[in-house]
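Visitor: I'd like to go over a predicted model; first the sequence, then the structure.
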Amino acid sequence: MRVKICGISQAEQGRAIVQAGATALGFICVKASPRYVTPEQIAEICQILPPCDRIGVVANASIEEIRQVLEIAPLSGIQLHGDESPAFCQALRAALPELELIKALRIRQTADLERSDRYHDAIDGLLLDAYHPKHLGGTGKTLDWQTLQAFHPAVPWFLAGGLTPENIGEALSKLHPDGVDLSSGVERSPGDKDLDKVNALFRHLAALT
């Protein structure tokens, strides 16, 4: 199972998190976010990272804006966390076919899951996050895991939304995602990761296998 820790802003923390077991790191490229990092900061952080997937998180950015980030930041994937349409995902995949493309869906009610079917042919994976009216992610709000038990998309998917070392076991006892994504659940403050919590997360995950 893939484990993505999102909202990385400090190089040494990023390196320690990969060494602890993370397979992917997420970098927030949305300027309005308290976890925002510039493309130059991402490039600097990536210089000392062990091998891992490096995912840039954008929201309602144009293909040209994403290209501009990629000219500086050595990212291996892009996570679309806004209102991007399936057509936009198709166009982005055609323009940048070497990138892993993940579409995040903010789930407010069970009916929102039905939207995922429209994206399958245009993306490499989905990420389900909890809906918040003002924030795109990192809010600490959990999804209703019970209602997700019937969710079996045609592409791999990440479970996100309020996951912590303490509740990851319960979440994975009910669901079987291809990956998990954590941010606020392993932080002291936005962008400042708590390595004790990160290590606790991987101890809990190891106990589940």
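Guide: Okay, I see it.
Visitor: avg pLDDT for the lengthiest helix in the chain?
Guide: Identified as the longest helix of the chain according to DSSP state H is helix 195-208. The average pLDDT within helix 195-208 is 97.
Visitor: who touches the strand ranked longest in the chain?
Guide: Secondary structure of the chain per DSSP state E: the longest strand is strand 100-107. By C-beta atoms under 8 Å, 6 or more residues apart in numbering, the residues outside strand 100-107 that reach it are 53, 55, 57, 76-81, 84, 89, 92-93, 112-113, 115-116, 119, 122-132, 136-137, 143, 158, 160-161. From N, CA and C alone the C-beta is placed, and that goes for glycine too.
Visitor: show me which of those are buried.
Guide: If you count burial by 16 or more other C-beta atoms under 10 Å, the buried members of those come out as 53, 55, 57, 77-81, 84, 89, 92-93, 113, 116, 119, 122-123, 125-131, 136-137, 143, 158, 160-161.
Visitor: which stretches in this structure count as strands?
Guide: 2-6, 24-28, 53-58, 77-80, 100-107, 125-130, 157-159, 179-182, 187-189, 192-193.
Visitor: ok, the longest one: who's next to it in the sheet?
Guide: What it means is strand 100-107. Strands that pair with strand 100-107, judged by DSSP bridges, come out as strand 77-80 (parallel), strand 125-130 (parallel).
Visitor: so which of those strands is nearest residue 182?
Guide: Closest of the strands paired with strand 100-107 to residue 182 is strand 125-130, at 11.3 Å (criterion: C-beta to C-beta).
Visitor: next, the angle strand 53-58 makes with the closest one.
Guide: Using axes from the mean of the first three to the mean of the last three C-alpha atoms, to 10 degrees, the inter-axis angle of strand 125-130 relative to strand 53-58 is 60 degrees.
Visitor: looking at strand 125-130 now, give me its mean pLDDT.
Guide: 94.
Visitor: please renumber the chain so that the first residue is 577 from this point on.
Guide: Sure thing, new numbering starts at 577, so read that last one as strand 701-706.
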